[in-house]
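Novice: Predicted coordinates and the sequence they were generated for:
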Amino acid sequence: MIPELLFAECVWGLSTGGSDPPVGRLYLVDTITGDPEVLQADAETYYEKLLKKSLSTPDVFSIPGRGEVKLEDSCVCFVPLYRNNPTCKLLLLTDPKDKETVLAVYLSQRWWPVEDVVKTADPARDGLILVQTFGERIVLFVLNCIIFGMLEGSSANDAFFLPHSATERAKILWRNGEAAAFYSVKMKGSLCGGTTSQCYLLPVLDTIFVQRKYRRGGLGMKMLHDFCQSFLAEDALGISCPISAAMYQVCQKFLQAHPEEQKRLWEVEAPGDWSQRLNIWLKIQMESSPSGKAEVGSCMEKASTTKPSQLDQMNKGVDCFPGVGQVAGDTKEKEDDRTAAGTLNSQGPEEENLVQSAGDAQQSKGLRKREGPGDLDGEKATKQFKTTP
């Protein structure tokens, strides 16, 4: 699906009878500049002109392996770039034969193929880099909502990702000139949701995703280690509850390699007070004991009395908000290619499918089939995760 060569020439073009060669080898994240509001206004102007032109002689967008796609009203739509902020939107081009497949994003007076949006020609973009620029926010959106939520997601689950918020802390892992993975964090003190004043009591690993072709390369372990190293001053760090069995295997491998983190990593429900935490290393050990799940089940209740002084300190000046942090699935679903949150396939020594949802994730059973990417708007959007054999 994605060309192997980093600097392979882009041959996608917009025309009325052919394809125009691109200028240079820079990609969207390397070139995007200007006020996001101005860029959106430009896209809205283009969209209005497109609607008028499509009635007579529509432009076409040429994609290798797919042929030419007519730029018509039925194939283009605006979707929100950020969760809970419908004013900032992106213009997308969808496949006329499959409305759930996004082909390109319109920005800076041109269409960018999805494959190019997640690429860079800047050699300085390598490894884990904090998302800061508007261009990087777009890359995060494409990884999160398009590549995983649509292209690598399972339509059988009839659900997809919610976009991240405009201020959500996230890091993109760049490799070989491409955004290979990302993870996001709910920061200590940040709001648990858009309709509450209650806040997280500790940093919580919220979402993680590795592109399919980059799995089994240790990227999940790398991001988990980076998460821990980013908050060395914190006594406790969270991963959103519940965590799948496969994700626990990765946590087990990580904690065996880094025993100093065994007391810091907790499976938590938001906002993460001690009654909502379960020590991950303790659960790993208890799961192998004869009493197993019975002991683990009672551990959450005991957690509130294990460190009362620390609980008081973390609760100081911060409200509680239980019940946030839905994660779905288990590795047993890999046989029918179903979805799992917090899932790493247990077949390989390294992670095969690292996908973790926390915070605002919602379960999708019984959700009606979506009409297309336009359903990203509002509460219709749902985070969803796919496990592949």
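Specialist: Happy to help now that I have it. All values reported here derive from a predicted model rather than from experimental measurement. Numbers count the residues shown, from 1 in each chain.
Novice: For the stretch 101-250 of the chain, give me the ranges with low pLDDT.
Specialist: 151, 153-161, 244, 246 (pLDDT under 70).
Novice: quick one: the strands in it?
Specialist: Counting by DSSP state E, counting those that start in this stretch, the segments of the stretch 101-250 of the chain that form strands are 110-113, 127-130, 169-175, 178-186, 204-210, 237-240.
Novice: Who are the packing partners of the fourth one?
Specialist: Helices and strands in packing contact with strand 178-186 are listed as strand 169-175, strand 204-210, helix 219-229; criterion 3 or more Cβ pairs under 8 Å, 6 or more residues apart in numbering; DSSP states H and E. Glycine gets a C-beta too; all of them are placed from N, C-alpha and C.
Novice: So which elements touch the last one?
Specialist: Using 3+ Cβ pairs under 8 Å, 6+ apart as the contact criterion, the secondary-structure elements in contact with helix 219-229 are strand 127-130, strand 169-175, strand 178-186, strand 204-210, helix 245-257.
Novice: Let me know which of the ones you listed is the nearest to Arg110.
Specialist: Smallest distance to Arg110 across the helices and strands packed on helix 219-229 (Cβ to Cβ): 19.6 Å, for strand 178-186.
Novice: ok and that closest one relative to helix 219-229, angle-wise?
Specialist: 40 degrees (axes from the mean of the first three to the mean of the last three Cα atoms, to 10 degrees).
Novice: buried set for stretch 221-233?
Specialist: Of the residues in stretch 221-233, Met221, Lys222, Met223, Leu224, His225, Phe227, Cys228, Phe231 count as buried by neighbour count, 16 or more other Cβ atoms under 10 Å.
Novice: Over to stretch 39-48?
Specialist: For stretch 39-48, by 16+ other Cβ under 10 Å, it's Leu39, Gln40, Asp42, Ala43, Tyr46, Tyr47.
Novice: Same question for stretch 98-116.
Specialist: So, applying 16+ other Cβ under 10 Å, buried residues of stretch 98-116: 99-107, 110-116.
Novice: again with stretch 167-175
Specialist: Buried residues in stretch 167-175, counted by 16+ other Cβ under 10 Å: Glu168, Arg169, Ala170, Lys171, Ile172, Leu173, Trp174, Arg175.
Novice: Which residues are in contact with the third one?
Specialist: When you say that, I think you mean Ala170. Leu130, Val131, Leu140, His164, Phe182, Tyr183, Ser184, Val185 (Cβ atoms under 8 Å, 6 or more residues apart in numbering).
Novice: who's in contact with the nearest residue to it once chain neighbours are set aside?
Specialist: Once flanking residues are discounted, Ala170 sits nearest to Ser184: 4.0 Å by Cβ to Cβ, 6 or more residues apart in numbering. The contact partners of Ser184, by Cβ under 8 Å, 6+ apart, come to His164, Glu168, Arg169, Ala170, Lys171, Asp206, Thr207, Ile208.
Novice: same thing but 7 Å
Specialist: His164, Glu168, Arg169, Ala170, Asp206, Thr207 (Cβ atoms under 7 Å, 6 or more residues apart in numbering).
Novice: Reformat these as a markdown table; add distance to Cys241.
Specialist: Putting the contacts of Ser184 into a markdown table (distance: Cβ to Cβ, whole Å) gives the following:
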| residue | distance to Cys241 |
| --- | --- |
| His164 | 20 |
| Glu168 | 19 |
| Arg169 | 20 |
| Ala170 | 20 |
| Asp206 | 12 |
| Thr207 | 14 |
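Novice: rewinding a little: can you check which of the helices and strands packed on helix 219-229 gets nearest to Glu136?
Specialist: strand 169-175 (6.4 Å).
Novice: That closest one vs strand 178-186, what angle?
Specialist: Orientation check (the same axes, to 10 degrees): strand 169-175 against strand 178-186 gives 160 degrees.
Novice: what angle sits between strand 169-175 and strand 204-210?
Specialist: Relative orientation of strand 169-175 versus strand 204-210 (the same axes, to 10 degrees): 30 degrees.
Novice: Can you tell me how far Leu26 is from Leu39?
Specialist: 17 Å (Cβ to Cβ, to the nearest Å).
Novice: cool, and Asp95?
Specialist: 24 Å.
Novice: same thing with Gln285?
Specialist: Here the criterion is Cβ to Cβ. By it, Gln285 lies 52 Å from Leu39.
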